[in-house]
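A.B. asks: compute the structure for the input listed below.
(2 chains, ligands or ions: 4)
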Amino acid sequence: MPVPCKRGCGNNAVLKRPKTGDAICKECFFWAFETEIHYTITKGKLFNKGDSVAVAASGGKDSTVLAHTLKTLNERYNYGLNLMLLSIDEGITGYRDDSLETVKQNRDDYEMPLKILSYKDLYGWTMDEIVAQIGRKNNCTFCGVFRRQALDRGAAMLNVKCIATGHNADDIAETVLMNVLRGDIARLKRCTAITTGSEGTIPRVKPLKYTYEKEIVMYAHYKKLVYFSTECVFAPNAYRGHARALLKDMEKIRPSCIMDIIYSGETMSIKEEVSLPTQRLCIRCNFVSSQEVCKACVLLEGLNKGLPKLGIGKSSKVKKLLDEYNTRQNNLETAVKDLEDCNITDKKTSKTCKNISNGFKQKECNATNCCTNKTERNVEKNNEKLQTVLDKYSLENNSQVKLDEEDSDDSEIKHQDEDDTCSSSCGRLGVGF
Amino acid sequence: MKCKKCNSSSALIILRKKDLYCRECFLANVTHKFRSSIGKNKILGKADNVLICLSGKEGSTVLLDLINNALSLDNHKKLRITPIFLHLCENYETIKNVIEQCQKYNYDLYSPHISEYVQSKSHIPIVNSLPIVNNELIEEYNNMQNSMLPTVKDDFITNIKRTLYIRYAKLLNCKYIFTGETTTTLATKLLVNLAIGRGSQVQSDVGFLDSRDMEIKIIRPMKDISEEELKLYINSKNLKVNDKQTSKENEHTSLQTVISTFVSSLQENFPSTISTICKTADKIGLQDECDNERHNMCVICQSILKPDEKAISALDATSISKIVSLRKHTDSAIDVDMEKNVINSTIFPYIHNRLCYACSRNYAEIKQSKIPSYIIETQK
Ligand SMILES: [Zn+2]
Ligand SMILES: [Zn+2]
Ligand SMILES: [Zn+2]
Ligand SMILES: [Zn+2]
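C.D. replies: Ligands and ions are numbered 1, 2, ... in the order given. Now for the predicted structure:
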């Protein structure tokens, strides 16, 4: 029996909103979905008229929907934004090819300029070259650290006013729980902010902060957006894994808990006497760092000086090596110059391990996890996450094949959180919460 | 096996799968945790009346024993308080057990019925006897409970108990209340708080001290003792616990049960989990500690009511979602602020005016006629 759209538009409802439980028609869903994001943007003052904005684009569903929606709203409400897509290519043979294809498709579909920056552009090294230099064992450290900074470096190159990332409500709620579980009070405080970035850095904004992941999946489906749905090759770190499992269980009982957790994070305050690690700017590259010299610079220094182990071990060791370095280079100018002039020494090819995992308990390349990425560019086929969401929320009577619910939630894993974690080649550019 | 502390070779107790203790050192350690949490936080005066709230479960059984020990010392370590014992009756079986427990130590027990909540005033009950209740009250109370989904119900009962503890503390002339929550319960409670939007209330709900009430302070002296330690304490002192605890039939129906299961399984595999969560809790503060101005309080949980300061919050975002899902608008911008008031009366009733975010969210889900009217109507 057809259900009328709750908005009283006269159409029949085709879906039940995962977020509010209201049954509405397709057109009203589009309108509601976009209007909410418009409200978030205007009320949260995310942009200023005339800004150049880099949309962090990975080819995954969140960044694809973000790019599409920003373009739509920019035109509808006259934001006057100069939008562009920014992608990072780590230079891992074979790994990025498909997702970059998708990003190029986004570029054509949404008529937005696209800048693909490689690690080579940003750091002078590709991941393949790094692996060749240091072996497979520690490459996770490199990839993770470089990824955290890649967006900032890329945005600086593009000279944009801010970076928009595709973090959705589920991601943020999950991060709140994760930071509680691992006792990371500094990130707990930061992770619900809609705009992040300290002075002197390019701010990052999250227009999808209040948008449920399930609705993003449905929006992409009904709009027939092309995105890259891949099985992530990186295992999430243990804490995020636990937080995600807990959130999934809770969401089944009370879907509003995602918003409630975000509200908790927003209204929670940290005791004044708790000292939080201060964020500052790296004296060498000027990007955010908790140390005088950021980890990326330390690692680069090691690579360029032929001391690739620098920065991998304990921080005391780093300090010692750095001190030695500093006595040699007591001039900051030279140091920076040195960094810029780096040239790559070791170019021999080796078999690349693409499983740049997070170093958390994962010692070896796991054959099923490593170097595989199930590519599916067509949204309608073989997308388990979409299928489960549709089975549950679609009111249409087309009998879709019910797929196993179990692994439906890993099409896009992001873990942009740990210093030593490879965050999210799988879907999204790394963003430090 | 050697005791970690005294090196005697009679260690029998293994904590966290690795630390060995002899019986004496173990008991001394638990007692120390109890005493130091009270001592450290120097808020109790000498000979104060303290209402000791007993549930009859493990935490309360150990609390009773620890208090009795501390009172029966005759050196400078003697705990100088006057305890008054209270148990809120939810079923008659538990109450008999608690009366029995108290009588072993020669203490009197007050045990009013939890349904007292539905009326605004109560009287001091007769000690050591089953509560005299009127069936209408119980029925009203049950109707109220039955109108709630498990998550809301669980949260509501927590607040009912808190309200009644404070009410009886006032009747019985106590300025302080002791409750028996352990590290484990508090770790769970922290996550529950986050999951239901009580992030700003963590310090009061999970910390050592809940000072939301102007006159009565709630203290959690067992806050550093873990569930594992409770069990070992009970065993080594041969205490009797009424273990007919409410069965876990609804394992996965409320956020609270899901979280509690999660915390215990995590603790099983990663023994440092709970202490990490609790350390996090200790760093979370009250929103307005330095703000002396007295704000309105939530009529259900007594939290300070204050509109959100951020430009946009999850509360706004939720209201917007509801607004755009319910009514037809033209494509031009909607007057969100005007509509928000209308929408909020249904999805966030009394928000920031009588109720906090979490209580308002709950209230919207309850059949409101079932809530005793004095609650919303009291106070201006
Ligand atoms: Zn409609
Ligand atoms: Zn740097
Ligand atoms: Zn000993
Ligand atoms: Zn409240």
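A.B. asks: state the distance from the closest residue to residue B:152 other than its chain neighbours to residue B:88.
C.D. replies: Counting by CB to CB, 6 or more residues apart in numbering or on different chains, residue B:152 lies nearest to residue B:362, which is 4.5 Å off, once chain neighbours are set aside. Every C-beta, even on glycine, is put in place using the N, C-alpha and C of the backbone. In this view, residue B:362 and residue B:88 are 20 Å apart by CB to CB, to the nearest Å.
A.B. asks: quick one: low-confidence parts of the stretch 251-400 of chain A?
C.D. replies: Along the stretch 251-400 of chain A, the model assigns pLDDT under 70 to residues A:274, A:276, A:307-383, A:396-400.
A.B. asks: same thing but 80
C.D. replies: Applying pLDDT under 80 to the stretch 251-400 of chain A flags the ranges A:272-280, A:286, A:288-291, A:302-390, A:394-400.
A.B. asks: output the longest helix belonging to chain A.
C.D. replies: helix A:139-158 (DSSP state H).
A.B. asks: and it with ligand 2, contact?
C.D. replies: No - using CB under 5 Å from the ion, helix A:139-158 stays clear of ligand 2, with a minimum separation of 7.5 Å.
A.B. asks: which helices and strands does that helix pack with?
C.D. replies: Helix A:139-158 is packed against strand A:52-56, strand A:82-89, strand A:114-118, helix A:119-123, helix A:127-134, strand A:162-164, helix A:295-305, with contacts defined by 3 or more CB pairs under 8 Å, 6 or more residues apart in numbering or on different chains; DSSP states H and E.
A.B. asks: mind putting these in JSON lines, distance to ligand 1 included?
C.D. replies: Shown next, in JSON lines, are the helices and strands packed on helix A:139-158 (distance: least, CB to the ion, whole Å):
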{"stretch": "strand A:52-56", "distance to ligand 1": "29"}
{"stretch": "strand A:82-89", "distance to ligand 1": "29"}
{"stretch": "strand A:114-118", "distance to ligand 1": "34"}
{"stretch": "helix A:119-123", "distance to ligand 1": "46"}
{"stretch": "helix A:127-134", "distance to ligand 1": "48"}
{"stretch": "strand A:162-164", "distance to ligand 1": "28"}
{"stretch": "helix A:295-305", "distance to ligand 1": "49"}
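A.B. asks: could you export these as JSON lines, including mean neighbour count and distance to residue A:216?
C.D. replies: Converted to JSON lines, the helices and strands packed on helix A:139-158 look like this (neighbours: other CB atoms under 10 Å in any protein chain shown; distance: least, CB to CB, whole Å):
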{"stretch": "strand A:52-56", "mean neighbour count": "24", "distance to residue A:216": "15"}
{"stretch": "strand A:82-89", "mean neighbour count": "22", "distance to residue A:216": "17"}
{"stretch": "strand A:114-118", "mean neighbour count": "18", "distance to residue A:216": "21"}
{"stretch": "helix A:119-123", "mean neighbour count": "21", "distance to residue A:216": "28"}
{"stretch": "helix A:127-134", "mean neighbour count": "23", "distance to residue A:216": "29"}
{"stretch": "strand A:162-164", "mean neighbour count": "24", "distance to residue A:216": "14"}
{"stretch": "helix A:295-305", "mean neighbour count": "23", "distance to residue A:216": "31"}
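A.B. asks: which of the ones you listed sits closest to chain B?
C.D. replies: Closest to chain B of the helices and strands packed on helix A:139-158 is strand A:162-164 (CB to the nearest CB; 15.6 Å).
A.B. asks: one step back: nearest to residue B:152, of the helices and strands packed on helix A:139-158?
C.D. replies: Smallest distance to residue B:152 across those (CB to CB): 36.5 Å, for strand A:162-164.
A.B. asks: ok so, going back, CA-only coordinates of the longest helix of chain A in CSV, if you can.
C.D. replies: C-alpha atoms of helix A:139-158 as CSV (Å, rounded to 0.1, in the frame of the first residue of the first chain):
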residue,chain,number,x,y,z
ASN,A,139,56.3,1.9,5.5
CYS,A,140,53.0,2.3,7.5
THR,A,141,54.7,5.0,9.5
PHE,A,142,55.6,6.9,6.5
CYS,A,143,52.3,6.6,4.7
GLY,A,144,50.4,7.6,7.7
VAL,A,145,52.5,10.6,8.6
PHE,A,146,52.7,11.8,5.1
ARG,A,147,49.0,11.4,4.5
ARG,A,148,48.1,13.5,7.6
GLN,A,149,49.9,16.4,6.1
ALA,A,150,49.2,15.9,2.4
LEU,A,151,46.0,17.8,2.4
ASP,A,152,47.5,20.8,4.1
ARG,A,153,50.4,20.9,1.8
GLY,A,154,48.2,20.4,-1.2
ALA,A,155,45.8,23.1,-0.1
ALA,A,156,48.7,25.5,0.4
MET,A,157,49.9,24.8,-3.1
LEU,A,158,46.4,25.5,-4.5
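A.B. asks: return the set of buried residues in the helix or strand hosting residue A:31.
C.D. replies: Residue A:31 is located in helix A:26-43, with elements delineated by DSSP states H and E. By neighbour count with 16 or more other CB atoms under 10 Å in any protein chain shown, helix A:26-43 contains the buried residues A:26, A:28-43.
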